[in-house]
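Asker: Structural data only, the sequence is not supplied:
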Ligand code: SAM
Ligand code: SF4
């Protein structure tokens, strides 16, 4: 921390930054059609932060009042030796300076790592599943096997991890499966969160064909279920309801139909050490250079302070047929979902 900086990170709009999402790799063993193109060019390994650098930058944020860390990607569990990072970051849970260490995963490697994650103090995992039909699952992920992910879920549950399923709502793809997903998740005592597709990165195909407003999904769900708004919060932007008939929770993340920026408490770090202050804006700060310039953290904290001073008020996503380009050129797998 610099002499002039306050211990906590407060942006120009008075919002406290208490949540850091960290993408540890841009690589993935799936190629979800809305996330990546089939043939991706990945970053050269030398550009990536090392695991030690990831630990250092996360720890710098924790020392500045960040209470929640989410490890994501790309697929975080395909990064070599990733458990070293979890084990190292667990010290902040032990010391009480961090409330939660968690991850978002496609579940392909969960069977292998679930018990280790739990041993590192991870209590909850978010697992992304867009279809319960093996054929459809394969078609949306291009390379994924539903049975592997299901085995991963079973291992996670056996290890005592709480599970939230993330599903991107896609027109003409899974809109007829939402009720089944609710039943599946709530039968297994998983939370379910539905996400609107966001216009991030060039993909093959037309996003306007995929966009399904969650306002429509919610209205349809209300034909079958009794939805009750609840104040449940996980530190993220989802708004939750309880479904009376199942007793389970259902979240909605609606970047396009509802602007949730006013309560934003988060920033995102890419695997190359670029800090994005908003998922939906291009402004970013390089934290790798100040880290590599000195073994002392003074310059790193200075760069963090300057970045937080520039955190924008909000994003302005639009999905527009006229505008053929994505709203932002970077893929979700770069900034981390
Ligand atoms: N590979 C991991 C996974 O799939 O959970 C973590 C990274 S992934 C980028 C994180 C989340 O972002 C996933 O739930 C994924 O479905 C979602 N996602 C990816 N691209 C998206 C897009 N364009 N719009 C909305 N959600 C997206
Ligand atoms: Fe990989 Fe996750 Fe993107 Fe799918 S959504 S391609 S699993 S990073």
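Answerer: Arrived safely, thanks for sending. Remember, it's a predicted structure, so these values are computed and weren't measured experimentally. Ligands and ions are numbered 1, 2, ... in the order given.
Asker: Tell me how many other residues surround the closest residue in space to residue 297 that isn't next to it in sequence.
Answerer: Closest residue to residue 297 apart from its sequence neighbours, by CB to CB, 6 or more residues apart in numbering: residue 60 at 5.7 Å. Any C-beta I mention is one placed from the backbone N, CA and C, and that applies to glycine too. Residues near residue 60, counting by other CB atoms under 10 Å, number 19.
Asker: quick one, what contacts residue 60?
Answerer: The contact partners of residue 60, taken as CB atoms under 8 Å, 6 or more residues apart in numbering, are 297, 300, 301, 304.
Asker: tell me the SS of the second one?
Answerer: Assigned by DSSP: H, G, I helix; E, B strand; the rest coil, the conformation of residue 300 is helix.
Asker: Residue 170 and residue 177, how far apart?
Answerer: 10 Å (CB to CB, to the nearest Å).
Asker: More neighbours: these two, which one.
Answerer: Per other CB under 10 Å, whichever of residue 170 and residue 177 has more neighbours is residue 170, with 21 against 18.
Asker: List the contacts of residue 90.
Answerer: 101, 120, 121.
Asker: swap that for residue 312, sorry
Answerer: Residue 312 touches 277, 278, 281, 283, counting by CB under 8 Å, 6+ apart.
Asker: Write the PyMOL selection for whichever of those are buried.
Answerer: Buried subset of the contacts of residue 312, written as a PyMOL selection, criterion 16 or more other CB atoms under 10 Å:
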select buried, resi 277+278+281
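Asker: So for the contacts of residue 312, which is the shakiest by pLDDT?
Answerer: Lowest pLDDT within the contacts of residue 312 is found at residue 281 (81).
Asker: what's the nearest residue to that one if we skip its chain neighbours?
Answerer: residue 312 is the one closest to residue 281 (CB to CB, 6+ apart), at 5.1 Å.
Asker: Pull out the buried residues from the helix or strand encompassing residue 222.
Answerer: Using DSSP states H and E, residue 222 sits in helix 214-224. Residues of helix 214-224 classed as buried by neighbour count (16+ other CB under 10 Å): 214, 217, 218, 221.
Asker: which strand of this structure spans the most residues?
Answerer: For the chain, the strand with the greatest residue count under DSSP state E is strand 162-169.
Asker: Adjacent strands (with direction) for that one?
Answerer: Here strand 162-169 is paired, per DSSP bridges, with strand 124-128 (parallel), strand 191-196 (parallel).
Asker: any weak-confidence spans in this structure?
Answerer: Applying pLDDT under 70 to the chain flags residues 1-6, 199-208, 256-260, 316-337.
Asker: I figured residue 253 hits residue 238, correct?
Answerer: Yes - if you go by CB atoms under 8 Å, residue 253 and residue 238 touch, sitting 5.0 Å apart.
Asker: Identify the contacts common to those two.
Answerer: What both residue 253 and residue 238 touch, as defined by CB under 8 Å, 6+ apart, is the set residue 193.
Asker: Let me see the contact set for the closest residue to ligand 2 within the stretch 101-250 of the chain.
Answerer: Nearest residue of the stretch 101-250 of the chain to ligand 2, counting by CB to the nearest ligand atom: residue 106, 3.5 Å away. Residues in contact with residue 106, defined by CB under 8 Å, 6+ apart, are 28, 29, 30, 32, 75, 127, 128, 141, 144, 149.
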